[in-house]
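A.B. asks: Return a 3D structure for these sequence lines:
(chains A and B)
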Amino acid sequence: GQQLNQSPQSMFIQEGEDVSMNCTSSSIFNTWLWYKQDPGEGPVLLIALYKAGELTSNGRLTAQFGITRKDSFLNISASIPSDVGIYFCAGQLGNTNAGKSTFGDGTTLTVKP
Amino acid sequence: GAVVSQHPSRVICKSGTSVKIECRSLDFQATTMFWYRQFPKQSLMLMATSNEGSKATYEQGVEKDKFLINHASLTLSTLTVTSAHPEDSSFYICSARDLGPKQPQHFGDGTRLSIL
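C.D. replies: Below is the predicted model:
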């Protein structure tokens, strides 16, 4: 089946720093999604990308759908303590795959005040 | 919009008990819902795809008779862990998709299941 390689696995940064994480796949996706999960809760959708090359922002978050449709990155600018959590990328083919998403293994972000 | 409610948030029960978890899409209709299991510090492991009005599709290695799924309406899917044992203890999360080819999944807040 399809697999996503998400990196880095974990990051320890100082408050105020920028963060970048990415996902790559050996096969293409039609949709890329980025989620954040806080401890003991379900993932929350941050950004959805629907077209190759698309660059979308949500506040301090920016994500891009790679031109090849096999990768995506998420940037967080000027990090703050509440950015702490696990970030997951997910790729979707759409209804052709019953709407399933393939998830990366997550990037655990720690922000030091 | 796109709110998914999962209940209960935490269950502690004795071995041999059956536990039912509900997943509701509150402000949209979901023909497809998904059930995941998550172990500590790991990613989401898809257990099954729940289809409204039809049988669920289970992933390889997931026991159908152990994890019963019912998707009786466009807004409700249930997962029943039958005769639960300590090894079934885990964090279970549901998600739901709105109608349409590119709709993302929206997740519930998860259920922490602890079997004594």
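
A.B. asks: Please make it C-alpha for all contacts and neighbour counts, starting now.
C.D. replies: OK.

A.B. asks: ok, so what distance separates the closest residue to residue B:104 other than its chain neighbours from residue B:75?
C.D. replies: Nearest residue to residue B:104, sequence neighbours excluded (Cα to Cα, 6 or more residues apart in numbering or on different chains): residue B:97, at 6.1 Å. Here residue B:97 is placed at a distance of 10 Å from residue B:75 (Cα to Cα, to the nearest Å).

A.B. asks: what do the two both touch?
C.D. replies: Common contacts of residue B:97 and residue B:75 (Cα atoms under 8 Å, 6 or more residues apart in numbering or on different chains): B:29-30.

A.B. asks: which of these two has more neighbours?
C.D. replies: residue B:97 (24 against 20; other Cα atoms under 10 Å in any protein chain shown).

A.B. asks: how long is stretch B:7-26 end to end?
C.D. replies: End-to-end span of stretch B:7-26 (Cα to Cα): 13 Å.

A.B. asks: per-residue confidence averaged over it?
C.D. replies: On average, the pLDDT along stretch B:7-26 is 96.

A.B. asks: same deal with stretch A:25-38?
C.D. replies: The average pLDDT for stretch A:25-38 rounds to 94.

A.B. asks: Look up the closest residue to whichever residue of chain A sits closest to chain B, ignoring the ones flanking it.
C.D. replies: Nearest residue of chain A to chain B: residue A:42, at 4.1 Å (Cα to the nearest Cα). Of all residues beyond its chain neighbours, the one nearest residue A:42 is residue B:109 (4.1 Å), with distances taken as Cα to Cα, 6+ apart.

A.B. asks: Poorly predicted segments of chain A, please.
C.D. replies: Flagging of chain A using pLDDT under 70 yields the residue ranges A:1-2, A:94-98.

A.B. asks: follow-up on the earlier one: please, which helix or strand holds the residue nearest to residue A:42?
C.D. replies: Using DSSP states H and E, residue B:109 is not contained in any helix or strand.

A.B. asks: That one touches residue B:9, doesn't it?
C.D. replies: Yes: with contact defined as Cα atoms under 8 Å, residue B:109 counts as touching residue B:9 (7.2 Å).

A.B. asks: Look at those two and report which has more neighbours.
C.D. replies: Ranked by neighbour count (other Cα under 10 Å), residue B:109 and residue B:9 place residue B:109 first, with 25 against 19.

A.B. asks: For the more buried one, give me its contacts.
C.D. replies: Counted by Cα under 8 Å, 6+ apart, residue B:109 has contacts A:40-43, B:4-6, B:9, B:93.

A.B. asks: Can you read off the pLDDT for it?
C.D. replies: So residue B:109 comes in at 96 (pLDDT).

A.B. asks: Residue numbers of chain A in contact with chain B?
C.D. replies: Taking Cα under 8 Å from any Cα of the partner chain as the contact definition, chain A meets chain B at A:30-31, A:33, A:40-45, A:48, A:50, A:92, A:94-95, A:98-99, A:101, A:103-106.

A.B. asks: Report the separation between the residue of chain A closest to chain B and residue B:54.
C.D. replies: Taken as Cα to Cα, the span from residue A:42 to residue B:54 is 26 Å.

A.B. asks: Ok, residue A:80 next?
C.D. replies: Residue A:80 sits 45 Å away from residue B:54, going by Cα to Cα.

A.B. asks: Between those two, tell me which one has more neighbours.
C.D. replies: Each of residue A:80 and residue B:54 has its neighbours counted (other Cα under 10 Å); residue A:80 has more, 18 against 10.
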